[in-house]
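Trainee: next one to model:
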Amino acid sequence: MQPSLIVVASLPMKLPIRSITLFACSIVAATLFTGCAARMVHKLATSGDKTDEKTTPEQALRAANSELYLAINMVLAGNAEMMDDVWSQKSDVSDFGPSADRIVGWKAVEAQFKKEAAMKMGGTLVCEDLTVTVGADMGFTTCMEVGSNQIIDGKPVNLRFRATNVFRLEKGEWKLVHHHTDPAPAMQAKSATKN
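Mentor: So this is what the prediction gives:
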């Protein structure tokens, strides 16, 4: 349960307590269940309380970034389905993940996340020290990805990566077009032995 508390503690304090509670429940559901149950709880958590205020582009980009990290945690738990909702599905998307591979195009990115989900690495990954920059139809976030995963031979590995996430506004929704993290030597070594 500790990872849920870390995520909730990093949320802006302007959020209503209902939203914080639902978001925490979505993290717990994501780590306990895969597929429909976790998605349903997540949709409730990100729908927010109905207010007269309109969501700003920055708030919408923050929500898209949060959805990315929920999707990453779903991958760690063994389910890559949520990535379909997060990423743009166009040929110009790219992922420079911790294995230091350069993956270009939605089909290749999707295949990589399915491969990673099949590994069922476990653990959690959270986004800390988030910064958000929003333009007219492009925006990006930077953060520190912090967590603990089972990566090689069942040995726990602590992670701390710098990360940049680039989003594009598509049909009124922020969709991820590029994810870039520091390389992880342990994952590079595993990738090299397979080539």
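Trainee: CA only for contacts and neighbour counts going forward, please
Mentor: Will do.
Trainee: was I right to think residue 138 contacts residue 168?
Mentor: Yes. Between residue 138 and residue 168 there is a contact at 4.5 Å, judged by CA atoms under 8 Å.
Trainee: ok, those two, which is more surrounded?
Mentor: Set residue 138 next to residue 168 and count neighbours by other CA atoms under 10 Å: residue 168 wins out with 22 against 17.
Trainee: who's in contact with the more buried one?
Mentor: If you count contacts by CA atoms under 8 Å, 6 or more residues apart in numbering, residue 168 has them with 88, 137-139, 174-177.
Trainee: tell me which helix or strand the residue lying closest to residue 164 once chain neighbours are set aside sits in.
Mentor: Here the nearest residue to residue 164 in space, its sequence neighbours aside, is residue 142; by CA to CA, 6 or more residues apart in numbering that works out to 4.5 Å. Secondary structure assigned from DSSP states H and E places residue 142 in strand 138-152.
Trainee: can you name the element that comes right after that strand?
Mentor: Per DSSP H and E, the first helix or strand lying C-terminal to strand 138-152 is strand 155-170.
Trainee: could you check the angle strand 138-152 makes with that next one?
Mentor: 160 degrees (axes from the mean of the first three to the mean of the last three CA atoms, to 10 degrees).
Trainee: residues of strand 155-170 that come out buried?
Mentor: Of all the residues in strand 155-170, those buried under the rule 16 or more other CA atoms under 10 Å are 159-161, 163-169.
Trainee: show me where the chain has strands.
Mentor: 94-96, 103-104, 124-134, 138-152, 155-170, 173-181 (DSSP state E).
Trainee: where does this structure have low pLDDT?
Mentor: Applying pLDDT under 70 to the chain flags residues 1-53, 149-154, 185-195.
Trainee: how does it look with 80?
Mentor: The chain contains residues with pLDDT under 80 at 1-53, 99, 148-155, 184-195.
Trainee: how long is stretch 80-89 end to end?
Mentor: 14 Å (CA to CA, to the nearest Å).
Trainee: what's in contact with it?
Mentor: So stretch 80-89 is in contact with 35, 39, 64, 67-68, 71-72, 74, 105-107, 110, 113-114, 117, 168, 170, 175-177, going by CA under 8 Å, 6+ apart.
Trainee: how about that stretch, which residues are buried there?
Mentor: Those would be 80-83, 86-89, for stretch 80-89 by 16+ other CA under 10 Å.
Trainee: do the same with stretch 126-146
Mentor: By neighbour count on 16+ other CA under 10 Å, the buried set for stretch 126-146 is 126-128, 130, 134, 138-146.
Trainee: and for stretch 166-186?
Mentor: For stretch 166-186, by 16+ other CA under 10 Å, it's 166-169, 173-183.
Trainee: report the backbone C-alpha coordinates of that stretch in CSV.
Mentor: Presented in CSV, the C-alpha positions along stretch 166-186 are these (Å, rounded to 0.1, in the frame of the first residue of the first chain):
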residue,chain,number,x,y,z
VAL,A,166,5.9,14.6,-25.1
PHE,A,167,2.2,14.9,-25.8
ARG,A,168,0.2,16.0,-28.8
LEU,A,169,-3.4,17.3,-28.7
GLU,A,170,-5.4,14.8,-30.9
LYS,A,171,-9.2,15.3,-31.2
GLY,A,172,-9.2,17.3,-27.9
GLU,A,173,-7.2,14.7,-25.9
TRP,A,174,-3.5,14.8,-25.0
LYS,A,175,-1.9,11.7,-26.5
LEU,A,176,1.7,10.6,-25.8
VAL,A,177,4.0,10.8,-28.8
HIS,A,178,7.4,10.3,-27.2
HIS,A,179,8.7,8.9,-23.9
HIS,A,180,12.3,9.2,-23.0
THR,A,181,14.1,7.9,-19.9
ASP,A,182,17.6,7.4,-18.7
PRO,A,183,19.1,4.0,-19.7
ALA,A,184,19.2,1.3,-17.0
PRO,A,185,22.4,-0.6,-17.2
ALA,A,186,20.7,-3.8,-16.0
